[in-house]
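Engineer: Below are the sequence and a predicted model for it; my questions follow.
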Amino acid sequence: MNNTTTGRRGSITKVGSILHIENALVEDVYTSNSRTGYVIVSYAAHGRNEMVYIELLQLNVDWDTILINQFGDPISLCAIRRDMWVNAEFSSAMTRSTPPQSKAYRIVAFLPNPLFRVTTDRIVSVDVQNGFLNTGNPDDETDQMRFVISRATEILDQNDNPIGISSLQPGQLVRIEHANFQTASIPPQTTAYRIKLI
C-alpha cells in the first residue's frame, strides 16, 4: 500500500512499515557523541479546504542509522545543522508525543559546499577492497587516521593526473582534503574528498 502526502516543504511516502520523507527542513539537532541523538524536521501536510500545515517530526538516530550526504559519503550527526534539507527513511511506528518521534533508518543531508580540512602524512596501509587508507605512525594505531575513499573521492598523482586507489602504496607522502569531523574509533575515521601524492 502506498500513501503519499506532498507539500512545499516536503513529502512523505509510506511503503509497508517504512516511511520516506523528502525535502524536510531541519529545525533542530541534538547529539552528545556525534553519532547518536535526534534530528527534528518540519514538512508540509495538506489538510481540509486546501489548507497546508507545517508538521514537526523527531527522527531518533542510533548506531544503526545510516547517515550520508547527497554524494553518498558517510557523515556524522554533527554535520547536520539547522536550516539544512534532508531526505529520510524511518519507522511508521511513532510516539504520540509532541512532536511525534520515530526511529530513523537512513538520513541523507544536503550539505552546502563541503567544509574540509587538510592532512599531509605518509600512508601506512591501503585497503583497496573496502576503500580505506590509513596514514600516520605505522607502529602506533592510536597515532593514525583512517580515510574512507568513495567513488566521489578524487585521487591524483604528483602531476595532477587521476589515478586509482590501487596506485597508492605504504610510505608515500600524500595531501588529503577530508571532512572536518571524525569518528571516536581507533584509529579515528573520516571521509576523504581529494588525495594527492606529493
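Structural biologist: Okay, I see it. Residues are numbered from 1 along each chain as shown.
Engineer: which residue sits farthest out from the middle of this protein?
Structural biologist: Using CA atoms, centre = their mean, the residue of the chain lying farthest from its centre is Asn49. It sits 38.6 Å away.
Engineer: three-state assignment of that one?
Structural biologist: Under DSSP: H, G, I helix; E, B strand; the rest coil, the three-state class of Asn49 is helix.
Engineer: now it: how far from Ile12?
Structural biologist: With distances taken as CB to CB, to the nearest Å, Asn49 is found 20 Å from Ile12. Using the backbone N, CA and C atoms, a C-beta is placed for each residue, glycine as well.
Engineer: ok, and what's touching stretch 98-105?
Structural biologist: Outside stretch 98-105, the residues that touch it by CB atoms under 8 Å, 6 or more residues apart in numbering are 18-19, 38-40, 55-62, 64-66, 88-95.
Engineer: With stretch 76-85 instead?
Structural biologist: Residues external to stretch 76-85 that are found in contact with it (CB under 8 Å, 6+ apart): 23-29, 31, 34-37, 39, 61, 67, 69, 86, 107, 109-112, 179, 181-183.
Engineer: Can you turn the buried part of those residues into a ChimeraX selection?
Structural biologist: Once 16 or more other CB atoms under 10 Å is used to decide burial, the buried members of the contacts of stretch 76-85 can be selected in ChimeraX as follows:
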select :23,24,25,26,27,29,34,35,37,39,61,67,69,86,107,109,111,179,181,182,183
